[in-house]
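**Q** pasting the sequence and the predicted model now:
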Amino acid sequence: MAGLANGLEVTEELRKVRQARQYRPDPVPEEVLAELLEVARWTGSSRNTQPWHFVVVRDEEQLRRISQIRTPINWVADAPLAIAIVLNGENAATSEAYDEGRVTERLLIAARVLGLGGGVAWFGDEGQQAEGKRILGVPAERTARSVVVLGYPTTTKDHRPNPAQGGRKPLSEIVGYDRLE
Ligand SMILES: Cc1cc2nc3c(=O)[nH]c(=O)nc-3n(C[C@H](O)[C@H](O)[C@H](O)COP(=O)(O)O)c2cc1C
């Protein structure tokens, strides 16, 4: 398969995929949501098990409840949309965790190229995950530990009282050749 003529433009976009936590109140149009769900559906998974269900959350009260699971995700309350990733729970710590990361990142990339933005909101420890499952109507034997929040960002600044540090380590610190350096 030939590369895209604008491949470098695409990779430049990939480098700009940032976590957004503040959004305009505008809803995400149905056709955009449908495209995002198709991207999620076509994400590859371990042995093509597709071990997921996606719960589309747009109800304000549901978003507020999720935002209260843990202080670092309180910004979820003001977002127009979140997609909860519910895993079958058979290999939650290993292959399903990998699959969850892949589908999350694809949603964030798709959001960016469709003119939206997104962010990950992690429920937290076991008790907080149980609370997330209760809110979402997920049975105990399944796994639900995060939502991908989506909308039209007003900023990608981390406005939380304890913001995560921005930027990235230089390649010289993180790349080795043939052996770990
Ligand atoms: C597994 C995982 C869990 C995360 N949980 C949260 C979270 O609970 N709340 C939050 O605001 N950001 C969360 N983030 C977002 C990270 O803080 C963000 O990806 C990181 O700071 C880099 O941000 P940047 O790409 O905008 O530079 C999470 C990211 C990952 C990968």
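**A** Arrived safely, thanks for sending.
**Q** Glu141 is in contact with Leu87, isn't it?
**A** No. In this structure, Glu141 is not within contact of Leu87 by C-beta atoms under 8 Å, at 10.6 Å. Placement of C-beta: from N, CA and C, glycine included.
**Q** neighbour count: those two, which is higher?
**A** Using other C-beta atoms under 10 Å as the criterion, Glu141 and Leu87 rank with Leu87 on top: 23 against 10.
**Q** for the more buried one, give me its contacts.
**A** 51-52, 96, 99-100, 142-144 (C-beta atoms under 8 Å, 6 or more residues apart in numbering).
**Q** count of neighbours near Asn162?
**A** 7.
**Q** which non-adjacent residue is nearest it?
**A** Closest residue to Asn162 apart from its sequence neighbours, by C-beta to C-beta, 6 or more residues apart in numbering: Pro72 at 7.6 Å.
**Q** just checking, what packs against the strand or helix carrying Arg65?
**A** Secondary structure assignment for Arg65, by DSSP states H and E: helix 60-67. Under the contact criterion of 3 or more C-beta pairs under 8 Å, 6 or more residues apart in numbering; DSSP states H and E, helix 60-67 touches strand 81-87, helix 126-136.
**Q** close to the ligand, is the first one?
**A** No. Strand 81-87 lies apart from the ligand when judged by C-beta under 6 Å from any ligand atom; the minimum separation is 11.2 Å.
**Q** that older thread, among the contacts of Leu87, which ones are in helices?
**A** 96, 99-100 (DSSP state H).
**Q** the most centrally placed residue in the chain bridge partners, please.
**A** Residue closest to the average C-alpha location in the chain (C-alpha atoms, centre = their mean): Val148, at 3.3 Å. Applying DSSP bridges to Val148 gives these bridge partners: Ile83, Val120.
**Q** and the pLDDT at it?
**A** Looking at Val148, its pLDDT reads 98.
**Q** let me see the contact set for it.
**A** By C-beta under 8 Å, 6+ apart, the contact set of Val148 is 82-83, 85, 104, 107-108, 118-121.
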